[in-house]
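[1] Return a 3D structure for these sequence lines:
(one chain, ligands or ions: 1)
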Amino acid sequence: MTTTSSRTFNLDRLVRPAVHAIPSYRPAKGAGQAPERVIRLDMNESPYPPTPHVRKALAEFAHTNRYPSFDAGEVRSALAAYSGVPVESVIAGAGLDDVLNTLFHTLFDPGDQLIISEPTFGVYRSLAGIHAAETVDVPLKPGFELDADGVLAAITDRTKLIIICTPNNPTGNELDPVAIERIVSEAPCVVAIDEAYWEFAGKTHLGLLDKYENVVILRTMSKFAGMAGMRVGYGIFPAELLAAVNKVVPAFHNVSMASAVAVKAALEDIDNLNANVAKIKADRDALAGSLREIPGVQPYESSTNFLLIELPVEAAPVVQKLAERGILVRSFPNPALGLQNAIRPSIGTTEENEIFLNALAEILAEGASA
Ligand SMILES: Cc1ncc(COP(=O)(O)O)c(C=O)c1O
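    Numbers count the residues shown, from 1 in each chain. Purely as a prediction, here's the structure:
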């Protein structure tokens, strides 16, 4: 009898089939030779660096030899005070992606179902894949409207979670609060509302937590607060679900001491953060206005720090040409999403937006004359 096969190192056998099935994520890259300056408009980041107050707090931070507090109490208190909720209801993480992962760990066994409405944030589907859960897509209706009837009809005995992203990435619009509340009130499962961009819309669904025991509000410091590099996100949970999630959340909530210090200081500087939000919104609306003057170019209404823009041609070659000029934007080549002609730049500084606008106009004009 031979035991060679089980004695041979074979990664195909070791890695879970659910992981083999996941397509690799390839972030956008500048194509060809490296341009001298790269303008990153592909990840919905803030273009604004930390304020002097945050820099000072980080410079004075010295306790790298100690673990943070086990329950990340300080950063959770700061996030809770900012949100106006009790600290006990807040679960933090290394970015909202990490909080999503904690929620998935809490809910999903292989074969369970997640309902989402595409086009939406791609991480939901990827995480479901890692957990060997099935993603059920109830697409947004024309105008990127939430299909509440469709979502409720798609629920089965294996549906554990519905994620509603509002304002939605990548479409930029806010979903109808009446449709959202209908889903929350009728769904016999957890409904997570991803409010990563709520500060740009100025509207939150936090009030639903007072009425329903199945709703979770998910937020991040990455977008409005310009803290993407510090990786801090959080969720606000109802009591019963919280008890389960608390068993799963990683020690220290995966928030480093440096990130906690930066987030606390940033929230002490809330007026500055709000001023940045106001500037980004004004620049967004100015950019949208200028884009509308380019023939065939149609930016959708946005309640976020990015624009989804319909082009008169296929997006992929345009994205490539922008990258050759050092300007990175997102595109959505998957035909199932129906966005092959769309690009999604985040709003940069006024100067970066101008460079992007002129480059896009030139590339489209060259294409038309080619
Ligand atoms: C809708 C949405 N949710 C969550 C995230 C993840 O944010 P974080 O940087 O906190 O992981 C993003 C980031 O692009 C997003 O667009």
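[2] Tell me the residues of the stretch 1-150 of the chain that contact the ligand?
    For the stretch 1-150 of the chain, the contact set with the ligand under Cβ under 6 Å from any ligand atom comprises 44, 95-97, 121. No exception for glycine: its C-beta is placed from N, CA and C like everyone else's.
[3] For stretch 181-197, measure first residue to last.
    Stretch 181-197 has an end-to-end distance of 19 Å (criterion: Cα to Cα, to the nearest Å).
[4] can you give me the mean pLDDT across that stretch?
    Mean pLDDT, stretch 181-197: 98.
[5] Please apply the same query to stretch 12-27.
    Averaged over stretch 12-27, pLDDT sits at 81.
[6] Pull that stretch out as PDB, backbone CA atoms only.
    Coordinates of each C-alpha in stretch 12-27 appear next as PDB, following Å, rounded to 0.1, in the frame of the first residue of the first chain:
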ATOM      1  CA  ASP A  12      -4.500  22.200  -4.700                       C
ATOM      2  CA  ARG A  13      -5.500  19.600  -2.100                       C
ATOM      3  CA  LEU A  14      -4.800  21.800   0.900                       C
ATOM      4  CA  VAL A  15      -6.400  25.100  -0.100                       C
ATOM      5  CA  ARG A  16     -10.200  25.000   0.400                       C
ATOM      6  CA  PRO A  17     -12.200  24.600  -2.900                       C
ATOM      7  CA  ALA A  18     -14.200  27.800  -2.000                       C
ATOM      8  CA  VAL A  19     -10.900  29.700  -2.100                       C
ATOM      9  CA  HIS A  20      -9.800  28.100  -5.400                       C
ATOM     10  CA  ALA A  21     -13.100  29.300  -6.900                       C
ATOM     11  CA  ILE A  22     -12.400  33.000  -6.000                       C
ATOM     12  CA  PRO A  23     -11.100  35.100  -8.900                       C
ATOM     13  CA  SER A  24      -7.900  37.000  -8.000                       C
ATOM     14  CA  TYR A  25      -8.400  40.700  -7.300                       C
ATOM     15  CA  ARG A  26      -6.300  43.000  -9.500                       C
ATOM     16  CA  PRO A  27      -6.200  46.600  -8.400                       C
END
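[7] check contacts around residue 298.
    291-292, 309-310 (Cβ atoms under 8 Å, 6 or more residues apart in numbering).
[8] Which of those residues fall within strands?
    Among the contacts of residue 298, the ones falling in strands (DSSP state E) are 309-310.
[9] By neighbour count, which of the contacts of residue 298 wins?
    With neighbours taken as other Cβ atoms under 10 Å, the top of the contacts of residue 298 is residue 309, carrying 25 neighbours.
[10] Roughly how far does that residue sit from residue 168?
    Residue 309 sits 15 Å away from residue 168, taking Cβ to Cβ, to the nearest Å as the criterion.
[11] How about residue 16?
    Using Cβ to Cβ, residue 16 is found at 30 Å from residue 168.
[12] Neighbour count for the two, which is higher?
    Shown here are residue 16 and residue 168; by other Cβ under 10 Å, residue 168 has more neighbours (25 against 11).
[13] Okay then, goodbye and thanks.
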